[in-house]
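Colleague: Kindly return the folded structure for what I paste below:
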Amino acid sequence: MERRVVVTGLGAVTPIGNTVDEFWDGIKSGKCGIDKITLFDTDKFKVKLAAEVKNFNVEDYFDRKAAKRLDRFSHFALVSARELMKDSMLDTEKTDMNRFGVAVSTGIGGLQTIEDNTKTLNEKGPDRVSPMFIPMAISNMAAGNISIEIGAKGESFGMVTACASATHTIGECYRIIKHGYQDLMIAGGAEASITPMGIAGFTNIKALSTSQDKTRASIPFDKERDGFVMGEGAGLILLEEYEHAKKRNAKIYAEIVGYGATSDAYHITSPAPDGEGGARAMKNAMEDAKIKPEDLDYINAHGTSTPLNEKFETIAIKKALGEEASKKIMVSSTKGNTGHLLRRCRRN
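Modeller: Numbering: from 1, shown residues only. The predicted model follows:
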């Protein structure tokens, strides 16, 4: 028997606010989180702008020892998870923690840790590489550290599927609860790739905007778009089986009713020009949800501000939804506010 899945907790650390309320206020007011990079010296870099998380003092959230044992992406994930748990009002003493899982995705993981320890290896030798290098760098450690902190003993994993990672994770967690394997799952993503290697790598594959005007650098669906702006942060939701949530009188934000995921098997960086893969994912999600295109009101698009993405994404939307796509369904992207956090939401 398939079970209903609802959202009962939220947590966020973003370039436009370090809590869910601050983030939402920033979205509604059109706040731009993009500015000059401060995390490293960009003197030799073509790209000067990014969407950094601001006013985030790690020692406000962790003691000195814990702060040094976690990469920045794990800092964001843990702070987001703490907000989520408080928001959910879940009493862990009255919860079967064996049926509570954590899945936090990341596109790259502990990139700053990798860079720092590579420099140490080259300059000082292998014996000076940190013994915490691997636990800090590997992609599943955001989920692992959250699981340890809250005592969640269900499934714990981190999915790595580039820009689709967080949505992919939320969808798979929805299925895990829907089919009875867990009752609760923390799901979402965290990223901290505003580093010299991260910016250089994406610059050299011509993915990043070289604009130095922060109001015109990340402009999804604009004809003058020239690339994305790197962002960082974390966004997590608590998924819960509906009867479980109802029994504890939980605050329910939304219900997830359908999910679809595909691959167009076309190119390592470019979407398929005919939008086939994206269209099929949307059709699969609607079929799973038992809804029709005319039931939709809004699509939160991937909308990266790159020349190819919006063109092919628009084709995919029209292919999946038909005439309804141009009649009433609103489409927008929040990357003009937050930049591209590499693993955030694709479509609603």
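Colleague: And the helices in the stretch 201-348 of the chain, which stretches?
Modeller: 242-247, 276-289, 307-321, 324-327, 335-338 (DSSP state H, counting those that start in this stretch).
Colleague: just checking, what packs against the top helix by length along the chain?
Modeller: If you go by DSSP state H, the chain has its longest helix at helix 72-88. Judged by 3 or more C-beta pairs under 8 Å, 6 or more residues apart in numbering; DSSP states H and E, helix 72-88 is in contact with strand 5-13, helix 141-150, strand 184-192, strand 232-241. No exception for glycine: its C-beta is placed from N, CA and C like everyone else's.
Colleague: Deepest-packed of those, please.
Modeller: strand 184-192 (a mean of 31; mean count of other C-beta atoms under 10 Å).
Colleague: Out of the helices and strands packed on helix 72-88, which gets nearest to E323?
Modeller: Proximity of these to E323 was assessed by C-beta to C-beta; the nearest stretch is strand 5-13, lying at 30.7 Å.
Colleague: and the direction of that closest one versus that of strand 232-241, what angle?
Modeller: 160 degrees (axes from the mean of the first three to the mean of the last three C-alpha atoms, to 10 degrees).
Colleague: Show me what strand 5-13 is packed against.
Modeller: helix 20-29, helix 72-88, helix 165-178, strand 232-241, helix 242-247, strand 254-256.
Colleague: Out of the helices of the stretch 201-348 of the chain, flag the one nearest T113.
Modeller: Comparing the helices of the stretch 201-348 of the chain by C-beta to C-beta, helix 335-338 comes nearest, at 23.1 Å.
Colleague: pull the CA atoms of that closest one into CSV?
Modeller: What follows is helix 335-338, C-alpha atoms only, in CSV (Å, rounded to 0.1, in the frame of the first residue of the first chain):
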residue,chain,number,x,y,z
LYS,A,335,19.0,31.9,-9.3
GLY,A,336,18.8,35.7,-10.0
ASN,A,337,18.6,36.0,-6.2
THR,A,338,20.9,33.2,-5.0
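Colleague: For that helix, which outside residues touch it?
Modeller: 14-16, 26-27, 30-33, 51, 218-220, 228-229, 231, 233, 303-305, 344 (C-beta atoms under 8 Å, 6 or more residues apart in numbering).
Colleague: Mark which of those are buried, thanks.
Modeller: Among those, those classed as buried by 16 or more other C-beta atoms under 10 Å are 14-16, 26, 31-33, 51, 218-220, 228-229, 231, 233, 303-305, 344.
Colleague: got the buried residues for the worst-scoring helix or strand of the chain on mean pLDDT?
Modeller: Least confident element among the helices and strands of the chain, by mean pLDDT, DSSP states H and E: helix 324-327 (a mean of 78). Buried positions in helix 324-327, judged by neighbour count with 16+ other C-beta under 10 Å: E324, A325.
Colleague: on that earlier part again, any chance of the helices and strands packed on helix 72-88 in CSV, with mean pLDDT too?
Modeller: Formatted as CSV, those follow (pLDDT from 0 to 100):
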stretch, mean pLDDT
strand 5-13, 98
helix 141-150, 98
strand 184-192, 98
strand 232-241, 98
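Colleague: Relative to A254, which of those is closest?
Modeller: strand 5-13 (4.6 Å).
Colleague: Centre of the chain to the closest one, how far?
Modeller: Relative to its chain's centre, strand 5-13 lies at 13 Å (C-alpha atoms, centre = their mean, to the nearest Å).
Colleague: and the angle for it with strand 184-192?
Modeller: Going by the same axes, to 10 degrees, strand 5-13 makes 30 degrees with strand 184-192.
Colleague: neighbouring strands for strand 5-13, and are they parallel or not?
Modeller: Strand pairing for strand 5-13, determined by DSSP bridges: strand 232-241 (antiparallel), strand 254-256 (antiparallel).
Colleague: any idea of the angle it forms with helix 72-88?
Modeller: Using the same axes, to 10 degrees: strand 5-13 against helix 72-88 is 130 degrees.
Colleague: who does the helix or strand just after the longest helix of the chain touch, helix- and strand-wise?
Modeller: Using DSSP states H and E, the helix or strand that follows helix 72-88 in sequence is strand 100-105. Contacting strand 100-105 under the criterion 3+ C-beta pairs under 8 Å, 6+ apart are the following elements: helix 141-150, strand 156-157, helix 165-178, strand 184-192.
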